[in-house]
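Visitor: give me coordinates for this.
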Amino acid sequence: MRYISRTIFILLVAVVSICPFATAQTSTAGTQAKALPAGPSIPAAADRPTPGSGYLIGPGDVVAVHVWHEPEISGKVPVRTDGKISLPLVGELQAAGLTPESLQISIRKKLYDYIKNPEVAVVVEEMNSRQFNVMGEVQKPGNFPLLRPTRVLDALALAGGFRDFAKVTKIYILRRAPQGSTVTLHFNYKRVVKGKDGDDNVELLPGDTIVVP
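Guide: Sure thing, here's the model as predicted:
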């Protein structure tokens, strides 16, 4: 019975944590991008992505740690810029670069000295380390989670399509280079949707900003 109860606890934690994302998916599903007079409309926006089992935690993320029958240890914890989190009894622990499942194992090992057979569940509550931005003449500018391969056209669809006076031939992507400089990538929407300049429809990287003048 004790094993079953612990299993139910972990399942309930997962269901409760996924609910906000399910709500977001329902609100965005079926959103249609605005059609442009001079060309075809942008494809319908994809459902809001959710973190899969391979998601790697990064600085700026917020993780929820749930320890069975130990509420004083459980709670939401931010991942610091050095990639670590701090927990009672556990102390500082590396989180960045780990999956939620791997972090669960690390926390459980640390707790063995204090708790008999600790049961731990870790869920990513806020995914702030992997995002891209869309700015300018789009319907829904803002930050978007980058949890699966996303190209420029996908990102424009997620942003709701263009406003009436968007300069769709002069879109550009700002990307931070490893050495700290900023690279500008140009994107001509009209040419790409006609099958030209397909290489410009690049896959986005965390931190990319798409600007629609």
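
Visitor: and the residue nearest the centre of this structure?
Guide: The chain has residue 145 as the residue nearest its centroid, 3.2 Å off, counting by C-alpha atoms, centre = their mean.

Visitor: from memory that one sits against residue 129, does it?
Guide: No. If you go by C-beta atoms under 8 Å, residue 145 and residue 129 don't touch, sitting 9.6 Å apart. Yep, even glycine has a C-beta here, placed from its N, CA and C like the rest.

Visitor: helix/strand/coil for the residue lying closest to residue 173 once chain neighbours are set aside?
Guide: Setting aside the residues directly before and after it, residue 173 is nearest to residue 185 in space (C-beta to C-beta, 6 or more residues apart in numbering), at 4.2 Å. Assigned by DSSP: H, G, I helix; E, B strand; the rest coil, the conformation of residue 185 is strand.

Visitor: residue 185 against residue 202, yeah?
Guide: Yes. If you go by C-beta under 8 Å, residue 185 and residue 202 touch, sitting 6.2 Å apart.

Visitor: need the residues touching each of those two.
Guide: Residues touching both residue 185 and residue 202 (C-beta atoms under 8 Å, 6 or more residues apart in numbering): residue 173.

Visitor: next, the contact list for the spatially closest residue to residue 107 that is not a sequence neighbour, please.
Guide: Distances taken as C-beta to C-beta, 6+ apart place residue 120 nearest to residue 107, at 5.0 Å, with adjacent residues excluded. Counting by C-beta under 8 Å, 6+ apart, residue 120 touches 65, 66, 67, 68, 104, 107, 108, 111.

Visitor: pLDDT at the fifth one, what is it?
Guide: Looking at residue 104, its pLDDT is 95.

Visitor: list phi and psi for it.
Guide: Backbone geometry at residue 104, expressed as degrees, to the nearest 10, gives phi -60, psi -50.

Visitor: how many residues are close by it?
Guide: Residue 104: 20 surrounding residues under other C-beta atoms under 10 Å.

Visitor: next one: the residue nearest to residue 173 from residue 169, what distance?
Guide: Going from residue 185 to residue 169 by C-beta to C-beta, to the nearest Å gives 14 Å.

Visitor: I'd guess residue 108 is in a strand, am I close?
Guide: No. Counting by three-state DSSP, residue 108 falls outside a strand, being helix.

Visitor: check the residue nearest to it when sequence neighbours are not counted and give its pLDDT.
Guide: In space, residue 108 comes closest to residue 120 once its chain neighbours are excluded; the distance is 4.8 Å by C-beta to C-beta, 6+ apart. Per-residue confidence at residue 120 stands at 95 (pLDDT).

Visitor: distance of residue 120 from residue 158?
Guide: To residue 158, residue 120 is 33 Å away according to C-beta to C-beta.

Visitor: quick check: end-to-end length of stretch 149-167?
Guide: Chord length of stretch 149-167, first to last residue, is 26 Å (C-alpha to C-alpha, to the nearest Å).

Visitor: can you give me the buried ones in it?
Guide: 150, 152-162, 166 (16 or more other C-beta atoms under 10 Å).

Visitor: for the residue nearest to residue 108, grab phi and psi.
Guide: Dihedral angles of residue 120 (phi, psi; degrees, to the nearest 10) stand at phi -130, psi 140.

Visitor: this completes my enquiry, with thanks.
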